[in-house]
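**Q** Need a 3D model of the sequence below.
(one chain, ligands or ions: 2)
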Amino acid sequence: MSEKKPFERLPKDVTPTNYKLQLQPDLEKFTFDGSVDITVQVQYATSQITTNSVDIKISKAVFKSGGKDIESSEITFKPEDEKVTLTFASELPVGEGHLCLEFTGELNDKMKGFYRSNYTTPSGEKRVCAVTQFEATDARRAFPCWDEPAVKATFDVTLVVPKDRVALSNMNVTSDNASPDNADLRVVAFAQTPIMSTYLLAFIVGEFDYVEGKSSDGVLVRVYTPLGRKEQGDFALEVAVKTLPFYKDYFNIGFPLPKIDLIAIPDFAAGAMENWGLVTYRETALLVDPKNSSSASKQWVALVVGHELAHQWFGNLVTMEWWTHLWLNEGFASWIEYLCVDHCFPEYDIWTQFLTTDYTRALGLDALSTSHPIEVPVGHPDEVDEIFDLISYCKGSSVIRMLHDFIGDAAFRKGMNAYLTKHKYKNTQTEDLWRALGEASGKPIEEIMSSWTKQMGFPVIKVSAAAQEGNSRKITIEQAKFCADGPISGESPQWMVPVSIATSAKPNEAASKVVLDKPSLTVTLDVEPNQWVKVNPGTMGFYRVQYSPEMLEALLPGIRSQELAPRDRLGIESDLFALAKAGQASTVDVLKVIEAFVNEKNYTVWTEISTNLYTLGNLLSNTESKDLFKAFATKLFTQVYEHVSWNPKDGEDHLTALLRGLVVRVMGKNGHPHAVEEARKRFKAHCSGGEKIHADLRAPVYVTVLANGNEETFEEMLKYFRTQELHEEKERVLRSLGSIKDPALIQRVLEFSLTDEVRSQDTVFVIGGVTGHKEGKELAWKFVQDKWSSLHERYSGGFLLSRLVQTTTEGFVSEEKALEVEAFFKEHKAPAAERTIKQSLENIRLNKAWLARDAASIHQWLKTKAE
Ligand code: BES
Ligand code: ZN
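**A** Ligands and ions are numbered 1, 2, ... in the order given. Okay, here's the model as predicted:
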C-alpha cells in the first residue's frame, strides 16, 4: 500500500441534493444508456466539478442555472481514482444548479455496478436480466455520482424497459406507460426516495414471479423468485412479515418506506444486499423448496432476511459517515439477526449457534498479529473491500452482544431508539452510538467500548483461586493480550473487560460482575468448599479464559454430567483449544478434555469440537499420526452417531436434524465403515430414481461417497448435478466434489470450477472444496497460481478473490509453503487481498510451530489410545 498516493475524498464545493436518473438497459447488446439531472449546490465559485465515475462514457455534460446553459469544455477521467472532472467554459454561479449528463455503459458480468445475470426460462430459453450491486463503491459504475455514504440525496428513478419485463427499484411505481418513441418499450417511473446514500440504490429489469403479503404494520412485502417457482418464496415471506413488526417494535420506529421487495438473483457475489426497499439475495439465501431444502438452508434464509431487514433501519435510515465505521452496519446487523431469528424460531437455539458462527471465528482471526482494529482507516476502494471481513462482522457482533449483556435489554433498546431517532436520514460515527447507549444506561460506554473497537485483539483472562476460607474464596483475574504465538512479551495493551463469575450453586447466574479495568483484580466469592467457579458464564465476554490447573480440573465433571450449560461447555473447550494452538496448553491435555464430551448431545457443542478436530486433522495430515487421529475422531463421535442414527423420527426437532447431518459427515469423511456403506446405498437409490435422500443428509452423503469414491462415483455425481434445477442442490454438489481423493479427479474438479457450468459466484466453493484434504490442498494452490490472471479478472479484485486466496493457502503447515505463497504474491499483486495474504502467512507459520511443538506427544498419546 505504500506505493499508493494518499487517497482523497471528493471535494465539497459542489454537492448533490437530488438525482433524476433515467436508465435504459439493452438486454441483448449488454449495454445501457443513461441520463441524469443532478440538482447541486455550488458552495464556492468554481469552473470544475469532480465526481465518481468508472467505466462509463459521458457523451454530454451541461450545467444549467437561472435559465443559462454552460457547456463542459473538458471531461477528464482518472481511472485509478475512479473519478471524473468536468471543466466548464465559464465559472458556475454559487447556489442551486443542475448538472445534466448523458452517458452509456456496459452491463458487465462482474457482479458489480449495473450488471447482467443469466437465467433459463421454464421453457428452456437462455436470457439475461439487469441488476445492481453498488456497495461499497460501485454506484459510480452505473452513473456518475457522489459515491460516498455521507453524501446523501433523494433519487427519482425512471427505467425504460422491454414491454414484457418486470422493472423494480427502491420505491413503488408511480407511472408505467408505453414508450412514446418505441412500442416495444415501457417507461416505468418510481416514487422519490427518502434522502439516502448512493450505495443503497438499486434497479432490476428481468422476468420474475412473486408472492406477496402485508405485515401487521401495513408494509407491502413481496418476495420475487425465478419464473414458475414462486412457492419457493413462501418461507422468506413468512419470515419477512414477522420480522418487520419485530424491528418496528424493537426500535420503536416504523419501517420508513411503503413497500419492500426481496428478490433472488441468479448471479450474486455476496450473500445478500440491503438496498433500501429492494433487497437482493443469492438464490440460496432466499429460496426454500419444502421438499429439497435442508434445515440448515432454511435457518440461513431466516438469518439473512433478519440481517438485511435490520439494515433498513440500521445502515439505511442511519448510515455510517465513512467506511471506517462499516462495522456499525455489519456488526450490528450480524448481532440483531440472531435476536430476530430467536424471536421467530426459538426452537433453533440460535444464540448458542452464534458462538460457532461468529464468536469463536472472530477470536481465531483476532488473535493474529496481522488482525486489525474494528475501526480502521480506509481510503481507496480496495481497502474498503478488504474490511468486509470477520472483524467487522463477527467481532463486531460479538462485542455488541457483550455490551447488550452488560447494560441489559431495556437500556439497550432505549439507547437504540435515541440513536436512530437523533440521526435518522443522517450519518454517524461509532462514538454516536456509544453516546446514546451511555446516556440510556448511565454507564461509561464510550470508555469501555473504545478499548474494543480502537485497538485490535482481545485479552486472555487468567484465573486463579486462593485457599478456601470457610464459605468464601478469593479469585484473582488478570488480563493480558491473547497472542496466537504464545504469551505476550513486554507490556500488554489493556481492555475494559466486563467479567461475570458463576459458581456451581447457580451455574447460569453471575455470582459476581465486575469491570476489569486494570491488569488484575481480586474478588471474594461466597462459595462452598466443594463447589466450582466458572468465569464468563454464557460465554458472553469477548475474551479467552485460562484457569489454573486445579480450577480447570474442578470444572470437568460439570462437562461430563452436563451440569454446565452448552454455551459454557463449548466455551471451555474452545478456550483450551485456542490455548493449545498458541502453545499455552498441551494439545494432549486438550484432547483429554475433549474425551469428556463423549456423552454430548448438543449440536453446537459438537460443531465447535468438529471444527477443532478438523484443524488438528489438517495439522497431522502429513504425519504418521494421521490414521490414529482419524480413529480417535470416529471413536469420539460413535456414541452420538448411534444416538442420532440415520433416520429422522417423526416430528423431530430442528437441532437434531442439524446434529445428524454433522455427525454423519464427520463419520463419513473419516471413513467409518457403517457410515460409508449406508451413504453409498442411499446415494445409489437417490440417483437412480429410488428413495430420495432426506435434504438434511444430502451434503453429508455426497461428501462421504466422494471421499471414499472413484471415477465412477465422480461421474455419477456430475451427471446428477446436470439434472438439478434448485440452486441449493447444485451448490451442495459443487461444495462436495472436491472431497474426491484421486489426484487426476481432483484436477478435473478444479478445471470444472472455471467452466460455464459453474457460475462465477460459486467457483470459489468448488476450489475451496478441494482443500479439505492433503491431496487436494497442493493441487488447489497450484491451480490458483496457474489460473491467477483469469481468476483475478473474473473477480476483478473483490472479496471473493480474497476468500479464495485464504482457503487455498492458510491450511499449509511448513515454512517452505509460506515462502512459496509469499514469493507468489510478491509477483502477483492483489490489493484487496493484501491483509488476507499476511494472515494466511501468519497462520501457516503458526501451524508449523504448533506441529513442531506437539506432534511427538500427540503421537505418543494417540498410540496409547489405540492399544
Ligand atoms: N451489506 C452486505 C452486503 C455486502 C457484502 C456488500 C460485501 C458489499 C460487500 C450485506 O448486508 C451482508 O452483510 N450480507 C452478508 C450476509 C449476512 C447474513 C451476513 C453476505 O453477503 O455475506
Ligand atoms: Zn450486512
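
**Q** Show me what from the stretch 51-200 of the chain comes close to ligand 1.
**A** Neighbours of ligand 1 within the stretch 51-200 of the chain, by Cβ under 6 Å from any ligand atom: 135-136. Yep, even glycine has a C-beta here, placed from its N, CA and C like the rest.

**Q** Quick one: the strands in the stretch 51-200 of the chain, in order.
**A** 56-65, 68-78, 83-92, 95-106, 113-120, 126-133, 154-162, 166-169, 173-178, 185-190 (DSSP state E, counting those that start in this stretch).

**Q** Determine which stretch of these is the most buried.
**A** Burial among the strands of the stretch 51-200 of the chain, expressed as mean neighbours by mean count of other Cβ atoms under 10 Å, is greatest for strand 166-169, which shows a mean of 24.

**Q** What strands flank that strand, and is each parallel or antiparallel?
**A** Strand pairing for strand 166-169, using DSSP bridges, gives strand 203-206 (antiparallel).

**Q** quick one: contacts of the partner strand?
**A** 23, 25, 27, 114, 117, 119, 127-132, 157, 159, 161-162, 165-169, 263, 265, 278, 280 (Cβ atoms under 8 Å, 6 or more residues apart in numbering).

**Q** can you check stretch 402-410 too?
**A** By Cβ under 8 Å, 6+ apart, stretch 402-410 touches 335, 412, 415, 437, 440-441, 443, 445, 448-449, 452, 498, 538, 540-542.

**Q** can you pull the buried residues of it?
**A** By 16 or more other Cβ atoms under 10 Å, the buried positions in stretch 402-410 come out as 402-407.

**Q** check contacts around the closest residue to Arg803 other than its chain neighbours.
**A** In space, and not counting its chain neighbours, Arg803 is closest to Val764: 5.6 Å by Cβ to Cβ, 6 or more residues apart in numbering. Residues in contact with Val764 (Cβ under 8 Å, 6+ apart) are 800, 803-804, 807.

**Q** Which helix or which strand is home to Val764?
**A** helix 760-770 (DSSP states H and E).

**Q** Give me the residues contacting the helix or strand just after that helix.
**A** Per DSSP H and E, the first helix or strand lying C-terminal to helix 760-770 is helix 774-786. Counting by Cβ under 8 Å, 6+ apart, helix 774-786 makes contact with 621-622, 738, 741-743, 746-747, 750, 767-768, 770-771, 791, 804-805, 807-809, 811-812, 817, 821, 824, all of which sit outside it.

**Q** Only the buried subset of those, as a PyMOL command please.
**A** Restricted to buried positions by 16+ other Cβ under 10 Å, the PyMOL selection for these reads:
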select buried, resi 621+738+741+746+750+767+768+770+771+791+804+805+807+808+809+811+812+817+821+824
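
**Q** The residue nearest to Arg803 and ligand 1, how far apart?
**A** If you measure Val764 against ligand 1 using Cβ to the nearest ligand atom, to the nearest Å, the figure is 12 Å.

**Q** Make 43 the starting number, not 1.
**A** OK, 43 is where the count begins now, so the last one is Val806.

**Q** Asp331: neighbour count?
**A** Asp331 is flanked by 18 other residues according to other Cβ atoms under 10 Å.

**Q** Touching, it and Glu767? I think so.
**A** No. Asp331 is beyond contact range of Glu767, at 9.2 Å (criterion: Cβ atoms under 8 Å).

**Q** Which two of the contacts of Val806 have the greatest separation?
**A** Among the contacts of Val806, the pair separated by the greatest distance (Cβ to Cβ) is Leu842 and Thr849, at 10.8 Å.

**Q** what sits against Pro300?
**A** Pro300 touches 213-214, 233, 261-262, counting by Cβ under 8 Å, 6+ apart.

**Q** meant to ask about Gln497, not that
**A** Taking Cβ under 8 Å, 6+ apart, we find Gln497 in contact with 415, 535, 537.

**Q** Look up how far ligand 1 lies from the closest residue to the first one other than its chain neighbours.
**A** Spelled out, it's Pro415. Excluding its sequence neighbours, the residue lying closest to Pro415 (Cβ to Cβ, 6+ apart) is Met498, at 4.5 Å. The gap separating Met498 from ligand 1 is 21 Å, by Cβ to the nearest ligand atom.

**Q** For the residue of the stretch 393-542 of the chain found nearest ligand 1, give me its contacts.
**A** As assessed by Cβ to the nearest ligand atom, ligand 1 sits closest to Phe430 within the stretch 393-542 of the chain, at 4.0 Å. Phe430 sits next to 178, 312, 368, 372, 841 when contact means Cβ under 8 Å, 6+ apart.

**Q** Can you tell me the SS state at it?
**A** coil (DSSP: H, G, I helix; E, B strand; the rest coil).

**Q** circling back: same for ligand 2: which of the contacts of strand 245-248 are within range?
**A** Among the contacts of strand 245-248, proximity to ligand 2 is found for none (Cβ under 5 Å from the ion).

**Q** quick revisit: quick one: the residue nearest to Arg845 from Val812, how far?
**A** 11 Å (Cβ to Cβ, to the nearest Å).

**Q** Show the backbone phi and psi for Thr906.
**A** Here is the backbone geometry of Thr906 (degrees, to the nearest 10): phi -60, psi -30.

**Q** Same question for Pro58.
**A** Here Pro58 shows phi and psi, under degrees, to the nearest 10, equal to phi -90, psi 150.
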